[in-house]
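Engineer: Dropping the sequence and predicted coords here.
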Amino acid sequence: MTTTISVVGNNDFDNEIIKWGSQYLLSHGYLLKSNLPEIIQNTPWSYVVRFATSDGYIYLKHTPELLALEATIIQVLHNQFHAHVPKIIEHNVELDCFLMKDAGKSLRVILKQKFDESLLCKAIDQFTSLQIAVSDHVDAFLNIGVPDWRLNKLPDLYKQLLSQKDMLIEDGLSAIEISKLEALFPTIFNLCKKLSAYSVKPSIVQPDFNDNNSCIDETLQEITLIDLGEIAISHPFFSLINFLHVIKKYHALTDENETYLLIKDACLKNFMKFEPSTSDAFEIARILFFIYGALANYRLMMACGKSKLISSFQRHGRPSMLLKELITVMGCD
């Protein structure tokens, strides 16, 4: 029997990667339950479709060339650190895409039905344990092209970002705001030096570590970390700061809420084995997070093209948003 391969992409390139994915699956013994894969995500930074097959759901993901490290990162995390990450079926380097197996439901879907902080704490424990395991082997990621944003490099990266004045003004900063940010350089340098003095080693930082990018197999109760293509090597607390921000946003928690405080404690728990003063370090990291976030957004902008980001997603990929917040936090309004 001959199977007809249908495509549903928005353009010829989307159709090309869907055709590759379909042909690969069919030639390796998978039966497609539908000739049309379902579009799961279609953004400037990620195009994902899902095939229903005889072996469950298979996902095909494409990213821009400058963000196309995800499959390689996943393989390093799996092979060297035995991390719970998606299982890669095939990686097409030429098309910047890869096929992976289903990892289960996102925690957000489950928590929206019934909130359970123990699931969040389990995901945090798994992720922070991985960060600690990686911290002595960051070269494994730097050697494959993962950005080096360690604290000793952060001040210069901040200065380089501020030198892009035309871009920052176009993105929404005023010349006065840029001057205020430039005047903060000695303070930023000292904060990086101060944070470096704590016994928390640099490691992988996933900008979007959150409940939506943590999936669970409800049968095995295994949590899998997904969306790993934008990882950088920097201070591990930056991922956790983002995690806490996101759970407050989506689960109506506040800084004083008892559940939130329990989850925050879970973020710091594994690091307290090395550094008892994690709370103090965390507060410094909260300030430097705005610089890390601005760099992550600038990277996204360079990979996707600013016009694509702004046309559809007003906050994504905009360094100016976080730099404005830095000005406010530092009392420079």
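Structural biologist: Received the coordinates, thanks.
Engineer: and after the helix or strand of the chain with the lowest mean pLDDT, which helix or strand comes next?
Structural biologist: The weakest-scoring helix or strand in the chain, judged by mean pLDDT, DSSP states H and E, is helix 306-312 (a mean of 57). Helices and strands here follow DSSP states H and E; after helix 306-312, the next one along the chain is helix 319-329.
Engineer: tell me the mean pLDDT over that following helix?
Structural biologist: In this model, helix 319-329 has a mean pLDDT of 95.
Engineer: can you list the weak-confidence ranges in this structure?
Structural biologist: Scanning the chain with the threshold set as pLDDT under 70 gives 1-11, 306-317.
Engineer: any chance you could map the helices in it?
Structural biologist: Assigned by DSSP state H, the helices in the chain fall at 12-27, 70-81, 107-113, 117-134, 139-142, 154-162, 165-171, 175-183, 185-196, 237-251, 258-269, 278-304, 306-312, 319-329.
Engineer: Break the protein into its domains for me.
Structural biologist: 12-101, 105-329 (automatic domain parsing).
Engineer: Please produce TSV containing the ones you listed, extended by mean neighbour count.
Structural biologist: In this view, the C-beta of every residue, glycine as well, is placed from N, C-alpha and C. Below are the domains of the chain laid out as TSV (neighbours: other Cβ atoms under 10 Å):
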stretch	mean neighbour count
domain 12-101	17
domain 105-329	18
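Engineer: Residue 121 reaches residue 262, doesn't it?
Structural biologist: Yes. Using Cβ atoms under 8 Å, residue 121 is in contact with residue 262, at 7.3 Å.
Engineer: Report the contact partners of residue 173.
Structural biologist: Residue 173 sits next to 181, 320, 323-324 when contact means Cβ atoms under 8 Å, 6 or more residues apart in numbering.
Engineer: likewise residue 262?
Structural biologist: Going by Cβ under 8 Å, 6+ apart, residue 262 touches 117, 121.
Engineer: what do you get for residue 228?
Structural biologist: Residue 228 touches 70, 73-74, 77, 85, 206, counting by Cβ under 8 Å, 6+ apart.
Engineer: Now do the closest residue in space to it that isn't next to it in sequence against residue 63, distance only.
Structural biologist: Sequence neighbours aside, residue 73 is the residue nearest to residue 228 in space, at 5.2 Å (criterion: Cβ to Cβ, 6 or more residues apart in numbering). Taking Cβ to Cβ, to the nearest Å as the measure, residue 73 and residue 63 are separated by 11 Å.
Engineer: Same question for residue 26.
Structural biologist: Residue 26 sits at a distance of 24 Å from residue 63 (criterion: Cβ to Cβ).
Engineer: OK, contacts around the nearest residue to residue 250 once chain neighbours are set aside?
Structural biologist: In space, residue 250 comes closest to residue 108 once its chain neighbours are excluded; the distance is 6.4 Å by Cβ to Cβ, 6+ apart. Under the criterion of Cβ under 8 Å, 6+ apart, the neighbours of residue 108 are 210-212, 250.
Engineer: Go again with 7 Å.
Structural biologist: Taking Cβ atoms under 7 Å, 6 or more residues apart in numbering as the definition of contact, the neighbours of residue 108 are 211-212, 250.
Engineer: What is the nearest of those residues to residue 163?
Structural biologist: Checking these against residue 163 with Cβ to Cβ, the nearest one is residue 212 at 34.3 Å.
Engineer: shouldn't the closest one be in contact with residue 105?
Structural biologist: No. If you go by Cβ atoms under 7 Å, residue 212 and residue 105 don't touch, sitting 10.5 Å apart.
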